[in-house]
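Undergrad: coords please:
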Amino acid sequence: MPAAPGIPAQSARPAPASAPVSPIPPGRRTAFAEGVDRVRAAATTEPGRLRIIGAVLALLVVAFGAVTAWQSSERAAAADDVLHSSQPLSSGAAAIYRSLADANTTASSGFLAGGQESAASRDRYEKDIRTAASGLVTAAANAEPGSASEATIAKLNRLLPEYKGLIERARTYNRQGYPVGGAYLRYANEKMQTRMLPAAEDLYTKENQRLDADYADATPYPWAAIALGLLALAALGWAQHRTYRRTNRVLNHGLVAGSAATAVVLLWLVVGHTIARSGLDGSYDNGIRSLSVLHDARIASLKARGNENLSLVARGAETITVGGKPYDAYYYDFDKDMAVLGKGLSRAATLADDRAGTTPVEAAEGNMAVWKQRHASARAEDENGNFQQALDKVIGAKGATGECFDSVDANLARAIDHEQAEFQRSAGHGRDAMTGLPVGAAVLAVLGAAGAVAGIGRRLSEYR
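TA: Down below sits the predicted model:
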């Protein structure tokens, strides 16, 4: 329609833009703030306060049980590793070292016998090689992929066939009467002394470090669990006292049950871990320390015997200058090895805590004294040019230094077996002291929390 006279036509205007939508309507608070307000409001009434107290008590008891189960489970697993994993692997690494050293010593003894090498000597050498190879297989199966131990094991696996090849060549040429056999034997010995035994010692060191790490994981007190347990007991005691003040009732059965369950878990945790720690500490002090010293002493005796044999094989071909004076290299190393053996035996006798441990060590000390006397006599014959007489005094059928070495080795083996049994007994007691604690703590904590909630619920029922 046309506009009326005198009235201007209305112009079209755009619709007003919509206002931004607020995520929360004006005057409306967040859900969290409203929840806080409800808790504050509930806290002004006795039923509300009781509900809060019950929730806090249940949370504390359950948290205490969970932390106890976690920490005791970790320590029990570490104690089990000490007994069944790291310590056997450490002893296995020592056995690898000993087998390699004994194989080298036996090979040199057989070489001195020439074409008359006995079947027993040959069998001992082969047994040592098999023992070392088997130990390397076990160590490889338990080594962490990409670790330094894995690289060391691979190195030994590569060197062992090379060493065996050199020994076989030395034996072949020796049986044929060629002097080059001695050169091959010395080359094999050099490979063993400079590459294989250091690698085996490095593996032994790494396994000992793993053992120390397991001990460090198994023995610390579970302070977090103990602190939570004390806090939960204190809170339950406070709730009991509060109930008594308001009702004049001496006992609340639910809170008493919760307190009893919490106290049992706390006592079990402290006493069990104290016993476990004592057992593990005893296994270290009376087992691991002695075993370490005895292994070192046994290795020193093997190295001394090998150098004694090689001194006769080389016949002065290997010399060393010390302080401006020339020495036969193998005799010089023999004296150093015997000094290490003497100190090791003295230390082992000090560490042994019973006669069963000291008796074989004292016997080995007596064997070593006779060995040194016989060796001095054999060396004098060698230096005077009486090679056959010196040889008889070293590898002869009777009255030779070989008898002393065998006696030292046998007595050290007895001492090692005894200390190994001592370790297993003490470590086993330590591990057993924590048996059942993780599961028991979790179950008792749930029962304790249920008791606390039931006790508070009993009070709440009085307001209905």
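
Undergrad: how far is the longest helix along the chain from where the chain is centred?
TA: Ranked by residue count and defined by DSSP state H, the top helix of the chain is helix 46-81. Centroid separation for helix 46-81 versus its chain: 29 Å, with CA atoms, centre = their mean, to the nearest Å.

Undergrad: elements contacting that helix?
TA: helix 31-43, helix 197-218, helix 223-247, helix 253-283, helix 401-432, helix 437-461 (3 or more CB pairs under 8 Å, 6 or more residues apart in numbering; DSSP states H and E). All C-beta atoms are positioned from the backbone trio N, CA, C, and that covers glycine.

Undergrad: okay, and for the stretch 1-150 of the chain, where does confidence drop off?
TA: Along the stretch 1-150 of the chain, the model assigns pLDDT under 70 to residues 1-29, 31-44, 113-117.

Undergrad: about what we covered before: tabulate the helices and strands packed on helix 46-81 (CSV), appending mean neighbour count and distance to residue 376.
TA: Shown next, in CSV, are these (neighbours: other CB atoms under 10 Å; distance: least, CB to CB, whole Å):
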stretch, mean neighbour count, distance to residue 376
helix 31-43, 11, 89
helix 197-218, 19, 26
helix 223-247, 17, 59
helix 253-283, 20, 41
helix 401-432, 20, 10
helix 437-461, 20, 60
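
Undergrad: ok so, going back, orientation of the following helix or strand past the longest helix of the chain relative to helix 401-432 in degrees?
TA: Later in the chain than helix 46-81, the nearest helix or strand by DSSP states H and E is helix 87-112. Orientation of helix 87-112 against helix 401-432 (axes from the mean of the first three to the mean of the last three CA atoms, to 10 degrees) gives an angle of 170 degrees.

Undergrad: mind listing what's buried along helix 87-112?
TA: 87-112 (16 or more other CB atoms under 10 Å).

Undergrad: give me the residues contacting whichever helix or strand comes after it.
TA: Next helix or strand after helix 87-112 toward the C-terminus (DSSP H and E): helix 119-142. If you take CB atoms under 8 Å, 6 or more residues apart in numbering as the criterion, helix 119-142 is touched by 85, 89, 92-93, 95-96, 99-100, 102-103, 106-107, 109-110, 113, 149-150, 153-154, 156-157, 160, 164, 167, 203, 207.

Undergrad: next helix or strand past helix 119-142?
TA: helix 148-175.

Undergrad: helices and strands around that next one, which ones?
TA: Secondary-structure packing of helix 148-175 (3+ CB pairs under 8 Å, 6+ apart): helix 87-112, helix 119-142, helix 180-191, helix 197-218.

Undergrad: can you do 6 Å?
TA: Packing partners of helix 148-175 (3 or more CB pairs under 6 Å, 6 or more residues apart in numbering; DSSP states H and E): helix 119-142, helix 180-191, helix 197-218.

Undergrad: can you put those helices in a markdown table and add distance to residue 77?
TA: Listed next are the helices and strands packed on helix 148-175 as a markdown table, based on distance: least, CB to CB, whole Å:
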| stretch | distance to residue 77 |
| --- | --- |
| helix 119-142 | 16 |
| helix 180-191 | 41 |
| helix 197-218 | 8 |
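
Undergrad: give me the contacts around stretch 402-409.
TA: Stretch 402-409 is touched from outside by 301, 305, 364, 367, 368, 370, 371, 395, with contacts defined as CB atoms under 6 Å, 6 or more residues apart in numbering.

Undergrad: looking at it, residue 184 is touching residue 167, isn't it?
TA: No. Residue 184 lies out of contact with residue 167 (CB atoms under 6 Å); the separation is 7.8 Å.

Undergrad: who has more neighbours, the two?
TA: residue 167 (26 against 21; other CB atoms under 10 Å).

Undergrad: list the contacts of the more buried one.
TA: Contacts of residue 167 (CB under 6 Å, 6+ apart): 107, 188.

Undergrad: ok, and the closest non-adjacent residue to the residue nearest in space to the middle of the chain?
TA: Geometric centre of the chain, nearest residue: residue 211, 1.7 Å, by CA atoms, centre = their mean. Nearest residue to residue 211, sequence neighbours excluded (CB to CB, 6 or more residues apart in numbering): residue 86, at 4.1 Å.

Undergrad: swap in residue 311?
TA: For residue 311, the spatially nearest residue (CB to CB, 6+ apart) is residue 330, at 3.7 Å.

Undergrad: with residue 309 instead?
TA: Per CB to CB, 6+ apart, closest to residue 309 is residue 108, 3.7 Å.

Undergrad: ok, now residue 217?
TA: Spatial nearest neighbour of residue 217, excluding adjacent residues (CB to CB, 6+ apart): residue 78 at 3.7 Å.

Undergrad: residue 252 too?
TA: residue 455 is the one closest to residue 252 (CB to CB, 6+ apart), at 4.5 Å.
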